[in-house]
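Asks: my questions are about this predicted structure, shown below with the sequence.
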Amino acid sequence: MSNHLLSLLIWLPMAGAVPVLIAGSRSSLSRWIGLLVAIVTFVASLFLLTGYDTNGPVMQLVEVHPWIESLHINYALGVDGISVALILLTTFVGVLVLIGAWDVIKDDKPHQYVAAMLVLEGLLIGVFCATDALLFYVFFEAMLIPMFILIGIWGGPRRVYATLKFFIYTFLGSIFMLVGLIYLYQQAGSFDMATMAATPLTMSQQSWLFFAFLIAFAIKIPMVPVHTWLPDAHVEAPTGGSVVLAAVMLKVGGYGFLRFSLPMLPDASAHYAWLVIVLSLIPIIYIGYVALVQEDMKKLVAYSSIAHMGFVTLGLFIVFILVRELGNYDAAKLALQGSMVQMMSHGFVSGAMFSCIGVMYDRLHTRQIKDYGGLVNVMPWFALFMVFFAMANIGLPGTSGFVGEFMVILASFSANPWIALVAAFTLVIGAGYTLWLVKRVVWGDVTSDKVAAMKDINGREAFVLGAFAVVVLGIGIWPEPLVHLMGGSINHLVHQLAISKI
């Protein structure tokens, strides 16, 4: 099984979409089939933990099959510790999204919704497994299609505008990446990522390629100033779409930097690290203030996602100052570890926050903060989860939100105390907009008869929020298993970045 485990994880959910569509919208059969496929995929992904050796070679569970032999393009898969963590995040969220949407989509083509989610899950796993650059690009592009469908069919009143903006932004960025990959292929003679990473390039070549990849991955994360598609996409997307978009799809941008920009273009990445660091610090401050004035809950959490992902790119590029200027390898490893823990944490916390907003929207059909108030009086169990995830969003010690941010700030302090100071300031702004949201929505007196009539969470919703809470608390209290899982891959990458390719 281990020889084909990665292919199974990619194609099982996509194949599972076929019986879901055949079942149609009759009763709840399509949803049960979809949930069963998602659970089996998640259970299968757990075998990665037993099959992956943290002390072994970087890429493991490798599969290589000829695809387009004349161009040396292969169907090539493999995982390292970073990939394993992101695949587990994807399969875990995949199960919770289908459970969360159980009653919400029941009257509006539920079989198509479930099928789109399963296809999206398979394509995302493909992105994290691909070791052939063209295969990576195919998965990278293809995942836009199911997300486009999810927002376009089950989204809000401005869903067509949001889907077109989302598609145009991300597709445009991908074109730059494709041109860069074709150029790299001409230099390396192969689309194999390891071969590309070992191919020497001049500073000029690296610089052009760096900006081609920067545009593609900055849009995906997203970074300022190419971030404006994200709030619109989140606001119009159905709850499940928002959860997958925030929890997994944004991570593809950070993963792209880890797989392409850093190891393939280390000299250009080191030269332009200051640019990415500045672009990372701007959202940490600026976007925080933008979030403060939002009246739509989804928009507020969407902007907070941009601010939190700023920590990911800061951790990825502060490494070059630490390794090349200061020779501080321990701090560099800490920065990359913090960056990855932040990616994982943000996946769980933002997914949980959007799930909470979905619970409220299902009852009152509004996301305006002013329409709520005093929920703790009528929905005490929901209020418990909402406040807990808000604390994690702030970065309260004991939650996963604290661990990644603390590690990145600590590593940044070794590079430049001023960078660390600006980065740490987000904890203050984050507390501002998150507590301001909780104060108006959860605390106080019940503001209307509609709010007074709201029912507390049911067992299905409690399961989804409880599962998120367990992981957020688990990583917050004991992050060592996650750090250990990715340790070997991060050590290898840090030593790779220290070597010039010129």
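Replies: Yes, it's here. Numbering: from 1, shown residues only.
Asks: check which helices and strands the longest strand seen in the chain sits against.
Replies: The strand that spans the most residues within the chain, counting by DSSP state E, is strand 60-68. The contact analysis (3 or more CB pairs under 8 Å, 6 or more residues apart in numbering; DSSP states H and E) places strand 60-68 against helix 5-23, helix 29-51, strand 73-79. C-beta here means a position set from N, CA and C on the backbone, and glycine is covered the same way.
Asks: report the angle between it and strand 73-79.
Replies: Note on geometry: by axes from the mean of the first three to the mean of the last three CA atoms, to 10 degrees, strand 60-68 and strand 73-79 are set 170 degrees apart in direction.
Asks: averaged pLDDT, strand 60-68. What do you get?
Replies: In this model, strand 60-68 has a mean pLDDT of 88.
Asks: check stretch 229-239 too.
Replies: 87.
Asks: how far off centre is that stretch?
Replies: Centre-to-centre, stretch 229-239 and its host chain are 15 Å apart (CA atoms, centre = their mean, to the nearest Å).
Asks: going forward, begin numbering at 789 instead of 1
Replies: Sure, I'll start counting at 789 from here, so that last one is stretch 1017-1027.
Asks: any buried residues in it, and which?
Replies: 1017-1027 (16 or more other CB atoms under 10 Å).
Asks: in helices, which of the residues you listed appear?
Replies: 1017-1024, 1027 (DSSP state H).
Asks: low-confidence stretches in the stretch 789-938 of the chain?
Replies: Scanning the stretch 789-938 of the chain for pLDDT under 70 picks out 789-790, 814-815, 893-896.
Asks: recalculate using a threshold of 80.
Replies: Low-confidence segments of the stretch 789-938 of the chain (pLDDT under 80): 789-791, 812-816, 844-845, 891-896.
Asks: and the strand or helix carrying Pro1269, what's its mean pLDDT?
Replies: Following DSSP states H and E, one finds Pro1269 within helix 1268-1285. Across helix 1268-1285, pLDDT averages out at 89.
Asks: how distant is it from the center of its chain?
Replies: 19 Å.
Asks: contacts for that helix?
Replies: Contacts of helix 1268-1285 with the rest of the structure, by CB atoms under 8 Å, 6 or more residues apart in numbering, involve 837, 840, 842-844, 846, 868-870, 872-873, 985, 1046, 1050-1051, 1054, 1057-1058, 1107-1108, 1111-1112, 1117, 1120-1121, 1124-1125, 1128-1129, 1132, 1263.
Asks: hmm, Phe1213 is touching Tyr1077, no?
Replies: No - the pair Phe1213 / Tyr1077 is not scored as a contact, 11.0 Å apart, by CB atoms under 8 Å.
Asks: could I get the phi/psi values of the residue lying farthest from the centre of the chain?
Replies: The C-alpha centroid of the chain is most remote from Asp1237, which lies 37.8 Å away (CA atoms, centre = their mean). Phi and psi for Asp1237, reported as degrees, to the nearest 10, are phi -70, psi -30.
Asks: how far away is it from Tyr1160?
Replies: Distance, Asp1237 to Tyr1160, by CB to CB, to the nearest Å: 13 Å.
Asks: same question, Trp1266
Replies: 34 Å.
Asks: tell me which of the two has more neighbours.
Replies: Tyr1160 (23 against 11; other CB atoms under 10 Å).
Asks: next up, phi/psi of the more buried one, please.
Replies: Dihedral angles for Tyr1160 - degrees, to the nearest 10 - are phi -110, psi 180.
Asks: picking up where we left off before, show the buried residues in the contacts of helix 1268-1285.
Replies: Buried among the contacts of helix 1268-1285 by 16+ other CB under 10 Å: 840, 846, 868-870, 872-873, 985, 1046, 1050-1051, 1054, 1057-1058, 1107-1108, 1111-1112, 1117, 1120-1121, 1124-1125, 1128-1129, 1132, 1263.
Asks: of these, which belong to helices?
Replies: 869-870, 872-873, 985, 1050-1051, 1054, 1057-1058, 1107-1108, 1117, 1120-1121, 1124-1125, 1128-1129, 1132, 1263.
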